[in-house]
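Colleague: generate a structure from the sequence data that follows.
(chains A and B)
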Number of protein chains: 2
Amino acid sequence: MPNLSENFKFKLEALQNRARAGIFYTPHGPLLTPAFAPVGTQATVKAVTPDQLEELGASLILSNTYHLYLRPGDEVVAQMGGLHRFMNWPRPMLTDSGGYQVFSLANTRKVDEDGVTFKSHIDGAAHRFTPEKSVKIQENLGADIIMAFDECAPPYDRQYNERAVIRTHAWAERSIAAKTRSDQALFGIVQGGIFPDLRRKSVEFLVQLDFPGYAIGGLSVGETKPEMHSMLEVVDPLLPKNKPRYLMGVGAPEDLVNGVLRGVDIFDCVLPTRLARHNAALTRTDRLNLVNASYAHDPNPIDIHCACYTCQNFSRAYLRHLINAKEMLAATLLSIHNLHTLLQLMREIRQAIFEKRFDQYAHEFLSNRS
Amino acid sequence: MPNLSENFKFKLEALQNRARAGIFYTPHGPLLTPAFAPVGTQATVKAVTPDQLEELGASLILSNTYHLYLRPGDEVVAQMGGLHRFMNWPRPMLTDSGGYQVFSLANTRKVDEDGVTFKSHIDGAAHRFTPEKSVKIQENLGADIIMAFDECAPPYDRQYNERAVIRTHAWAERSIAAKTRSDQALFGIVQGGIFPDLRRKSVEFLVQLDFPGYAIGGLSVGETKPEMHSMLEVVDPLLPKNKPRYLMGVGAPEDLVNGVLRGVDIFDCVLPTRLARHNAALTRTDRLNLVNASYAHDPNPIDIHCACYTCQNFSRAYLRHLINAKEMLAATLLSIHNLHTLLQLMREIRQAIFEKRFDQYAHEFLSNRS
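Modeller: Numbers count the residues shown, from 1 in each chain, chains lettered A, B, ... in the order given. As a prediction, this is how the structure comes out:
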């Protein structure tokens, strides 16, 4: 049983420069950070079972408010005992606010100061999200970590970002006011595009509201890597040390290392499972496209040093055959490998921070990327 | 390690009327009979991993010669160490002869006394199978149990069946002559449609050739259930007691029970995994279509008495959501449940034969089917 009095405390265990190793306590157990969260958009991490995720050592799983609100409906999930029970994930869970999906997936959206009206990408039906509605849906879903409703603006549009930051701040206050459950931690979301002054303003405002954790939104949405790194360096010293920081939607191996180097604790991304469904394997140094004819007679695993179920048992030739034969097992085995690659990377990073050798680890890792 | 001197011996352990419980020894371990073999057409049982199959207690797996010959090619499989290693299945395997698939799947086939010329259903390229070629492919694949090349005729066509039986017998002799590997058991295939005299003639001819096991082909291909049962009753007393009998392509729960009642030891069928991909769950008494709106708020598992991973962890409401959301996990969880249902049924049947209560078990099972 988790110690409930410790819920949502963040314990920093080791530091090296900006890099942090810690534990975030949740009602579904401790989350060891830095952590990568696989994404289960529709209450399933695509192509893998919860048993397989558990074997991979996954801890935090993200699920999407926008998708679950539309299908099967957050009230159905609540009736079925909440998201943990519905999808059979007994460890920590996180839901986003739905804001990003409304802006990126829904049709004909209309934003006003009160909220967003949009049409479902499934059937075109009209819906409306407000901060209050987003919190209500997330309370029905019941994840351990929930997000304040925010507006994610195009990264280079100064005027749009100025307005979006103001709106995001008002919505953050309304999200706090709407929250009723004590077993969920509500995180505020820092916006501000690629503009250091807006990012600073956003952090300073949100920190006053004393959230139990802070998400960094609006990155990995079109800006360059140096711009992303620069924004992380702007917010790192302003965010409280004793609260977790979550960089939303980031998950390429080099981005995880670069994020931890700049003070990030939590990441999520569809990349490992999406690449798997497009026949690509992530390795420590590269990406392999397993459709390539050169693998037709290749008896080696994806990565000879990898300890995952896929690499311990299956050849590249077999994986290529499954892909060509359009067999579902291809997506499952590649998802297992890609998730293992990122989860194992995070375990190594955490260990390296404890042992004060993460700077060197990061330097070597980044120099070996092809 | 299996005792290699016992390879392909069949030990009858218990009998009740026609029903038999035994052990068939193979180079990849003993096969406890009666047994149901899940089908891995393209060197994968669709939507499940070998680990999941092992957890389900699967033993014999069937794979298809026609499919693997076309893709990835039997020589590729041989180079990768054979089918067991290629697909990572360490237990007994069986390949069919390719005959049935050529007749049911390939385009523009032409049969002559020497073999069959056909066009691939994948790319239309011309290929030719003969008994010698079928054995050669099956030796490259390396399953423990392989099949003589045969011709499966429409069940009600007397003249066609007369010709097909003669051809199947000639091909059985040529298959024996072509075989070179001592670590594979070649089974002969009884044909003869729904005609008792042809079935008798076929068994008598093949038994002379002293195969280590006998397949019963050409059933479950359009004839009625009583006709299928009647053919099994014709061949049962003529087949040697000390050799396993394999009823090809049969796998509905009631057909398994009816087959064992009539002396069958081994079955295979795509039914459990195919139904799973069409959203249907097999239970002991029924089939459920999980798309049904009545399951939208149903917190119960598919079958409250079922011990499978799916029923132990997931509600009908969740499975219906996965199906509606077109998530691959639906096929995986339904395949696990359907395979468990049939594998568990076979374990119970075997136990009932040992305990001399299979007649009663079968009677109750068949009366409860809806």
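Colleague: quick one: contacts of stretch A:233-248?
Modeller: Contacts of stretch A:233-248 with the rest of the structure, by Cβ atoms under 8 Å, 6 or more residues apart in numbering or on different chains, involve A:10, A:12, A:18, A:20, A:22, A:24, A:33, A:94, A:96, A:100, A:145, A:187, A:189-190, A:196, A:199-200, A:203-204, A:207, A:211-217, A:219-220, A:232, A:259, A:262-268. To be clear about C-beta, it is placed using only N, CA and C from the backbone, and glycine gets the same treatment.
Colleague: can you show me the helices along the stretch 201-350 of chain A?
Modeller: Applying DSSP state H, counting those that start in this stretch to the stretch 201-350 of chain A gives helices spanning A:225-235, A:253-261, A:271-277, A:309-313, A:316-324, A:329-354.
Colleague: so which bits of chain A are right by chain B?
Modeller: Counting by Cβ under 8 Å from any Cβ of the partner chain, chain A comes close to chain B at A:42-44, A:46-52, A:67, A:71-72, A:76, A:79-81, A:86-88, A:296-297, A:299, A:309, A:313-315, A:317-318, A:320-322, A:324-325, A:327-329, A:331-333.
Colleague: do you have the strands of the stretch 101-250 of chain A handy? List them.
Modeller: Here the stretch 101-250 of chain A has its strands, by DSSP state E, counting those that start in this stretch, at A:107-111, A:116-119, A:126-129, A:145-147, A:185-190, A:214-216, A:245-247.
Colleague: can I get these in JSON lines including distance to B:Cys152?
Modeller: Shown next, in JSON lines, are the strands of the stretch 101-250 of chain A (distance: least, Cβ to Cβ, whole Å):
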{"stretch": "strand A:107-111", "distance to B:Cys152": "52"}
{"stretch": "strand A:116-119", "distance to B:Cys152": "54"}
{"stretch": "strand A:126-129", "distance to B:Cys152": "55"}
{"stretch": "strand A:145-147", "distance to B:Cys152": "59"}
{"stretch": "strand A:185-190", "distance to B:Cys152": "63"}
{"stretch": "strand A:214-216", "distance to B:Cys152": "62"}
{"stretch": "strand A:245-247", "distance to B:Cys152": "60"}
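Colleague: among these, which gets the worst mean confidence?
Modeller: Mean pLDDT is lowest for strand A:107-111 among the strands of the stretch 101-250 of chain A, at a mean of 83.
Colleague: so which other helices or strands are in contact with that strand?
Modeller: Under the contact definition 3 or more Cβ pairs under 8 Å, 6 or more residues apart in numbering or on different chains; DSSP states H and E, strand A:107-111 sits against strand A:116-119.
Colleague: which residues touch the strand it packs on?
Modeller: Strand A:116-119 is contacted by residues A:99, A:102-103, A:106-110, A:125-130 when judged by Cβ under 8 Å, 6+ apart.
Colleague: narrow these to just the buried residues.
Modeller: By neighbour count, with 16 or more other Cβ atoms under 10 Å in any protein chain shown, the contacts of strand A:116-119 hold A:Gly99, A:Val102, A:Phe103, A:Ala106, A:His127, A:Phe129, A:Thr130 as buried.
Colleague: lowest pLDDT pick from the residues you listed?
Modeller: Scoring the buried ones among the contacts of strand A:116-119 by pLDDT puts A:Ala106 last, at 74.
Colleague: for the residue nearest the centre of chain A, which non-adjacent residue is spatially closest?
Modeller: Centroid-nearest residue in chain A, with Cα atoms, centre = their mean: A:Asp268, separated by 1.8 Å. Of all residues not flanking A:Asp268 in the chain, A:Ala37 sits nearest, at 4.0 Å (Cβ to Cβ, 6 or more residues apart in numbering or on different chains).
Colleague: surely the one you found is in a strand?
Modeller: Yes - A:Ala37: assigned to a strand according to DSSP: H, G, I helix; E, B strand; the rest coil.
Colleague: shouldn't it be in contact with A:Ser63?
Modeller: No - counting by Cβ atoms under 8 Å, A:Ala37 does not reach A:Ser63; the two are 9.8 Å apart.
Colleague: which residues do the two both contact?
Modeller: Each of A:Leu94 lies in contact with both A:Ala37 and A:Ser63 under the rule Cβ under 8 Å, 6+ apart.
Colleague: list the contacts of the helix or strand bottoming out on mean pLDDT in chain A.
Modeller: Across the helices and strands of chain A, the lowest-confidence element by mean pLDDT, DSSP states H and E is strand A:107-111, at a mean of 83. With Cβ under 8 Å, 6+ apart as the test, strand A:107-111 has contacts from A:Val102, A:Phe103, A:Val116, A:Thr117, A:Phe118, A:Lys119, A:Ser120, A:His121, A:Gly124, A:Glu151, A:Arg167.
Colleague: name every strand pairing with that strand and say which way it goes.
Modeller: Applying DSSP bridges, strand A:107-111 is found paired with strand A:116-119 (antiparallel).
Colleague: re earlier: now render the contacts of strand A:116-119 as JSON lines, adding distance to B:Arg350.
Modeller: Putting these into JSON lines (distance: Cβ to Cβ, whole Å) gives the following:
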{"residue": "A:Gly99", "distance to B:Arg350": "57"}
{"residue": "A:Val102", "distance to B:Arg350": "56"}
{"residue": "A:Phe103", "distance to B:Arg350": "59"}
{"residue": "A:Ala106", "distance to B:Arg350": "55"}
{"residue": "A:Asn107", "distance to B:Arg350": "57"}
{"residue": "A:Thr108", "distance to B:Arg350": "61"}
{"residue": "A:Arg109", "distance to B:Arg350": "60"}
{"residue": "A:Lys110", "distance to B:Arg350": "65"}
{"residue": "A:Ala125", "distance to B:Arg350": "53"}
{"residue": "A:Ala126", "distance to B:Arg350": "59"}
{"residue": "A:His127", "distance to B:Arg350": "55"}
{"residue": "A:Arg128", "distance to B:Arg350": "60"}
{"residue": "A:Phe129", "distance to B:Arg350": "57"}
{"residue": "A:Thr130", "distance to B:Arg350": "61"}
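Colleague: report the beta-bridge partners for A:Ile266.
Modeller: Under the criterion used (DSSP bridges), A:Ile266 bridges to A:Ala35, A:Tyr246.
Colleague: now do the contacts for it.
Modeller: The contact partners of A:Ile266, by Cβ under 8 Å, 6+ apart, come to A:Phe24, A:Leu31, A:Thr33, A:Pro34, A:Ala35, A:Ala37, A:Leu60, A:Gly213, A:Pro244, A:Arg245, A:Tyr246, A:Leu247.
Colleague: contact partners for the second one?
Modeller: Residues counted as contacts of A:Leu31 (Cβ under 8 Å, 6+ apart) are A:Ile23, A:Phe24, A:Tyr25, A:Ser59, A:Leu60, A:Pro92, A:Ile266.
Colleague: could you rerun that using 6 Å?
Modeller: For A:Leu31, the contact set (Cβ atoms under 6 Å, 6 or more residues apart in numbering or on different chains) comprises A:Phe24, A:Ser59, A:Leu60, A:Pro92.
Colleague: did I read that right, it in a strand?
Modeller: Yes - assessed by three-state DSSP, A:Leu31 belongs to a strand.
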